[in-house]
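In: Pasting the sequence and the predicted coordinates here, then a few questions.
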Amino acid sequence: MLIFGVIGYFMRKISLEGAPLVLAFVIGPLLENALRLSLIKSNGSFSIFFTRPISATCLIMALALLLISFFPWFRPPGAALEKEDAV
């Protein structure tokens, strides 16, 4: 508990949210098992993720969201507001 308290303290100091870290710890092992099973079913080929319609759609949407975050002209007009310091 002390280690996670120290990690949480430093995350607050550099303004990082804790929810994504907790989500990664919870969902990470589930996703790893699902990836392993998919690769076993496809004999180790990653093409299963691009040839299936649902997974291909999810990958395209994830790629689009990633690209949108890099290009500021795609963002909505109010998204560039700076957060006020809560000191």
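Out: That came through, no problem.

In: so where's the protein uncertain?
Out: Applying pLDDT under 70 to the chain picks out residues 73-87.

In: quick check: longest helix of it.
Out: Secondary structure assigned by DSSP state H gives helix 19-41 as the longest helix of the chain.

In: got the contact list for that helix?
Out: With contacts defined as CB atoms under 8 Å, 6 or more residues apart in numbering, helix 19-41 is touched by 11, 45-46, 48-49. Every C-beta, even on glycine, is put in place using the N, C-alpha and C of the backbone.

In: so how far is it off the chain centroid?
Out: Remark: helix 19-41 is offset 12 Å from the chain centroid, using CA atoms, centre = their mean, to the nearest Å.

In: Also stretch 32-50?
Out: 20 Å.

In: start to end distance for that stretch?
Out: Start-to-end span of stretch 32-50 (CA to CA, to the nearest Å) is 18 Å.

In: ok so, going back, want to throw the contacts of helix 19-41 into CSV with distance to residue 21 and secondary structure?
Out: Converted to CSV, the contacts of helix 19-41 look like this (distance: CB to CB, whole Å; DSSP: H, G, I helix; E, B strand; the rest coil):
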residue, distance to residue 21, secondary structure
11, 7, helix
45, 32, coil
46, 27, coil
48, 29, helix
49, 25, helix
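
In: so which pair among the residues you listed is furthest apart in space?
Out: 11 and 45 (38.3 Å; CB to CB).

In: closest to residue 2 among the contacts of helix 19-41?
Out: Checking those one by one against residue 2 (CB to CB), the nearest turns out to be residue 11, at 14.9 Å.

In: Neighbours of the closest one, how many?
Out: By the measure other CB atoms under 10 Å, the count of residues near residue 11 is 13.

In: got the contact list for it?
Out: Contacts of residue 11 by CB under 8 Å, 6+ apart are 17-18, 21.

In: what's the closest of those to residue 68?
Out: Residue 68 has its nearest neighbour among the contacts of residue 11 in residue 17, at 19.7 Å by CB to CB.

In: burial count for residue 1?
Out: 5.

In: What of residue 22?
Out: Residue 22, neighbours per other CB under 10 Å, totals 10.

In: how near is it to residue 6?
Out: Look at residue 22 and residue 6: by CB to CB, to the nearest Å, they are 16 Å apart.
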